[in-house]
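J.: Fold the following for me, if possible:
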Amino acid sequence: MARPMSDDTRKSPDQTSGPTEGAPARAWRNFYGRRHGKTLRQTQKGYLDSDLAALAPGAVGWDENPDREPLDLQARFGDREVWLEVGFGGGEHMVHQAATHPEAAIIGCEPFINGVAMLLGKIREAGVDNLAVHPGDARDLFDVLPEASISRAFLLYPDPWPKARHHRRRFVTPEFLEPLARVLKPGSAFRVATDIPDYVRQTLVEVPKAGFEWLAECPEDWRAPWDDWISTRYEQKALREGRVPHYLTFRRR
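T.: The predicted structure follows:
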């Protein structure tokens, strides 16, 4: 979940109409943050118009999949194992992982459309073909991902929501962690990177409750990035401002 571009937050309920007969009731979910930022360049608008639909992981939206039928990941990605990045920001890490690990397919979730447009440009430049994009709420994707279908997950520099009254909006809460645990295969890795000390604290408290174990055995295990890491623009900003990144690795029990 990319760090918000400003403190402009607003509720945006995803429920708009009742379900079709016999279909699951549509979840009422508040979305906090921004879906749009600065006006997109014409080239970015072109990427969205021409590239985005073909990169869908399948029928995720409530309008196109009101019965919440599970995605057929085998049909979409073949025999590749499937990874998930929640909130890919500008997409640099996601594209790097796709290029480094062509044996895997990666689904990225990002509701901020400016970040989606940035990713599409990077995909064109890198020429990778093992990515899929859900330009919306990760919870809608969790609804339709099959149980134990994801082999690795990333949460990198998520929205910090620094005010105490907003901590319930963080990803590391049961509302997000429980469905994440459901879709992750036993033994799969969940990587979290953040430069916010209180986010580290909450992560270490809440993630194990959802069925994960922290794999650190010494300080270097959370101070040093992963071998296939690429530093993102959010991390570079944190380093310039004197904040210390933490790299937390969990395993799904």
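J.: Which pLDDT value goes with Thr39?
T.: The predicted local confidence for Thr39 comes out at a pLDDT of 79.
J.: What's the local residue count around it?
T.: Thr39 has 9 neighbours, counted by other Cβ atoms under 10 Å. To be clear about C-beta, it is placed using only N, CA and C from the backbone, and glycine gets the same treatment.
J.: Mind checking what secondary structure it has?
T.: Taken by DSSP: H, G, I helix; E, B strand; the rest coil, the conformation at Thr39 corresponds to coil.
J.: For it, give me its contacts.
T.: The neighbours of Thr39, taking Cβ atoms under 8 Å, 6 or more residues apart in numbering as the test, come to nothing; the list is empty.
J.: Partner strands of the host helix or strand of Leu84, with direction?
T.: Secondary-structure assignment from DSSP states H and E places Leu84 in strand 81-86. Using DSSP bridges, the strands paired with strand 81-86 in its sheet are strand 104-109 (parallel), strand 150-156 (parallel).
J.: Only alpha carbons, please: show that strand as PDB.
T.: Presented in PDB, the C-alpha positions along strand 81-86 are these (Å, rounded to 0.1, in the frame of the first residue of the first chain):
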ATOM      1  CA  GLU A  81       3.700 -19.700  -8.700                       C
ATOM      2  CA  VAL A  82       1.800 -16.600  -7.800                       C
ATOM      3  CA  TRP A  83       3.100 -13.700  -5.600                       C
ATOM      4  CA  LEU A  84       1.200 -10.700  -4.300                       C
ATOM      5  CA  GLU A  85       2.300  -7.100  -3.700                       C
ATOM      6  CA  VAL A  86      -0.200  -5.000  -1.700                       C
END
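J.: could you point out which element follows that strand?
T.: The next secondary structure element downstream of strand 81-86 (using DSSP H and E) turns out to be helix 92-100.
J.: what angle separates that following helix from strand 104-109?
T.: Helix 92-100 and strand 104-109 meet at an angle of 160 degrees, taking axes from the mean of the first three to the mean of the last three Cα atoms, to 10 degrees as the criterion.
J.: How many residues are close by Ala104?
T.: As a burial measure, Ala104 scores 16 neighbours (other Cβ under 10 Å).
J.: where are the low-confidence patches of the stretch 101-250 of the chain?
T.: Per-residue confidence for the stretch 101-250 of the chain (pLDDT under 70) gives no ranges below the cut-off.
J.: Show me the helices in it, by range?
T.: Secondary structure of the stretch 101-250 of the chain (DSSP state H, counting those that start in this stretch): helices located at 113-126, 138-144, 174-183, 197-209, 220-223, 233-240.
J.: What helices and strands are in contact with the second one?
T.: Counting by 3 or more Cβ pairs under 8 Å, 6 or more residues apart in numbering; DSSP states H and E, the packing neighbours recorded for helix 138-144 are strand 104-109, helix 174-183.
J.: do the same with the third one
T.: Secondary-structure packing of helix 174-183 (3+ Cβ pairs under 8 Å, 6+ apart): strand 81-86, helix 138-144, helix 197-209.
J.: And for the last one?
T.: Helix 233-240 is packed against no helix or strand, with contacts defined by 3+ Cβ pairs under 8 Å, 6+ apart.
J.: Going forward, count from 287.
T.: I'll keep to 287 as the first residue from here, and by that count the last item is helix 519-526.
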